[in-house]
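Sequence unavailable; structure follows:
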């Protein structure tokens, strides 16, 4: 499906940052994936799990919002040439809602495979987004307030980018386990 230019740009950004996340996780051993810098910090595996859970939630939100108004929505408006920007993050650290908390110790191969499969399903959600006026589909975010459907997907890209930096910091930690020789 051909996407409107703003949605195509959004999809490209989602794919770019996800490729960076997967590149960082590539080749990690289970020991490396499970290692935590501190007792309250997430491991690489937990970061991957969290990102996947959050993306699944955004996909479900897309389905929910588009089904609730099925048939009542106009298609992508020709005058919509740019997506509404995301509001800035409020100051201070953010605590993830419990619904998107990761589970420790999942096999790294399974985490990566699930993340890739989730992204393939997300393409369907992006195509749904491209077939409606996203400004009319709104849902409240726990920190950012009322967001339209396109902003939820923009948030997914921002979220991946934030956790990409976290993942890289975990790998840079002096105590991060060295690669195991095979």
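It's in. Source: prediction; values computed, not measured.

which residue ranges form the strands in this structure?
Residue ranges of the strands in the chain, as given by DSSP state E, are 138-141, 145-148.

Adding mean pLDDT, mean neighbour count and distance to residue 7, write those strands out as JSON lines.
For the C-beta atoms, the positions are set from N, CA and C on the backbone; glycine is no exception. As requested, these are arranged in JSON lines below (pLDDT from 0 to 100; neighbours: other C-beta atoms under 10 Å; distance: least, C-beta to C-beta, whole Å):
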{"stretch": "strand 138-141", "mean pLDDT": "95", "mean neighbour count": "13", "distance to residue 7": "17"}
{"stretch": "strand 145-148", "mean pLDDT": "96", "mean neighbour count": "15", "distance to residue 7": "13"}
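
closest one to residue 88 among those strands?
Taking C-beta to C-beta as the criterion, residue 88 comes closest to strand 145-148 out of the strands of the chain, the separation being 11.5 Å.

Figure out how far the closest one is from the centre of its chain.
Taking C-alpha atoms, centre = their mean, to the nearest Å, one finds the center of strand 145-148 at 16 Å from the center of the full chain.

pLDDT below threshold where in the chain?
Low-confidence regions of the chain, defined by pLDDT under 70, span residues 70-74, 181-182.

Quick one: residues contacting the closest residue to residue 15 other than its chain neighbours.
Counting by C-beta to C-beta, 6 or more residues apart in numbering, the nearest residue to residue 15 once its immediate chain neighbours are dropped is residue 119, at 7.8 Å. Residue 119 makes contact with 14, 15, 18, 55 under the criterion C-beta atoms under 8 Å, 6 or more residues apart in numbering.

Residue 102 versus the closest residue to residue 114 other than its chain neighbours, what's the distance?
Counting by C-beta to C-beta, 6+ apart, residue 52 is the residue found nearest to residue 114 once chain neighbours are left out, at 5.5 Å. In this view, residue 52 and residue 102 are 9 Å apart by C-beta to C-beta, to the nearest Å.

same deal with residue 87?
Computed as C-beta to C-beta, the residue 87 to residue 102 distance reads 25 Å.
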